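>>> Make a model of this:
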Amino acid sequence: MVWVRIDDDLFSHPKVLHAWTDCPASIGLWTLGLSWVGRQLTDGHIPVEIVQVFMPHKRQRDRATQALENAGLWSPNGNGWEIHDYLDRNLSREQVLDKRRADSERKRGGRNGRA
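Okay, the predicted model is just below:
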């Protein structure tokens with residue numbers, strides 16, 4: 001399991017407040033996107049198709065994604081969006097996979113040592 005980080009000042013961050021003011025649903029979309037990105041190890045990339053799943057109604061989705069873009073929380077990248085500064089606050093795919101390999105080797109070594 002991978003954990004994503006959300007600052008405990010989220011409620012008062014100017015970008016979040018900007019997006020919230022434009023479209024409160026955008027913060028729910030941002031949070032779902034953050035969770036999905038962490039689970040899928042995409043290094044902050046959210047494809048259009050996933051956003052469509054999270055918000056199936058185009059009008060609401062367009063309003064929410066525009067609010068996230070305007071606030072600087074998401075940046076469009078041609079086939080979806082990038083979460084701003086995702087890798088500054090979260091582990092990259094490579095780091096997560098390296099950690100998993102190291103944990104697996106450590107556990108395997110522990111089991112072999114007891115046998």
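>>> Wasn't S75 part of a helix?
No. Applying DSSP: H, G, I helix; E, B strand; the rest coil, one finds S75 to be strand, outside a helix.
>>> OK, contacts around it?
Residues in contact with S75, defined by Cβ atoms under 8 Å, 6 or more residues apart in numbering, are 69, 81-82, 84. All C-beta spots, glycine's among them, are computed from the backbone N, C-alpha and C.
>>> Show me what it bridges to in the sheet.
Note on S75: beta-bridge partners by DSSP bridges are E82.
>>> Other residues contacting the longest helix along the chain?
Determined from DSSP state H, the single longest helix within the chain is helix 93-114. By Cβ under 8 Å, 6+ apart, the residues outside helix 93-114 that reach it are 2, 41-43, 91.
>>> for stretch 54-64, same thing?
Applying Cβ under 8 Å, 6+ apart, the contact partners of stretch 54-64 are 22-23, 25-26, 28-29, 32-33, 36, 51-52.
>>> Most neighbours among these, which one?
Ranked by neighbour count (other Cβ atoms under 10 Å), the contacts of stretch 54-64 have S26 at the top, with 28 neighbours.
>>> Secondary structure element for it, which one?
Using DSSP states H and E, S26 maps to helix 25-40.
>>> Which positions within the helix or strand just after that helix qualify as buried?
With elements assigned by DSSP H and E, the helix or strand that comes after helix 25-40 is strand 45-47. Using 16 or more other Cβ atoms under 10 Å as the test for burial, strand 45-47 gives 45-46.
>>> Same list (the contacts of stretch 54-64) but as JSON lines, adding pLDDT and distance to R59.
Output for the contacts of stretch 54-64, formatted as JSON lines (pLDDT from 0 to 100; distance: Cβ to Cβ, whole Å):
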{"residue": "D22", "pLDDT": "98", "distance to R59": "14"}
{"residue": "C23", "pLDDT": "98", "distance to R59": "11"}
{"residue": "A25", "pLDDT": "98", "distance to R59": "11"}
{"residue": "S26", "pLDDT": "98", "distance to R59": "13"}
{"residue": "G28", "pLDDT": "97", "distance to R59": "16"}
{"residue": "L29", "pLDDT": "98", "distance to R59": "14"}
{"residue": "L32", "pLDDT": "97", "distance to R59": "18"}
{"residue": "G33", "pLDDT": "97", "distance to R59": "19"}
{"residue": "W36", "pLDDT": "97", "distance to R59": "22"}
{"residue": "V51", "pLDDT": "98", "distance to R59": "13"}
{"residue": "Q52", "pLDDT": "98", "distance to R59": "13"}
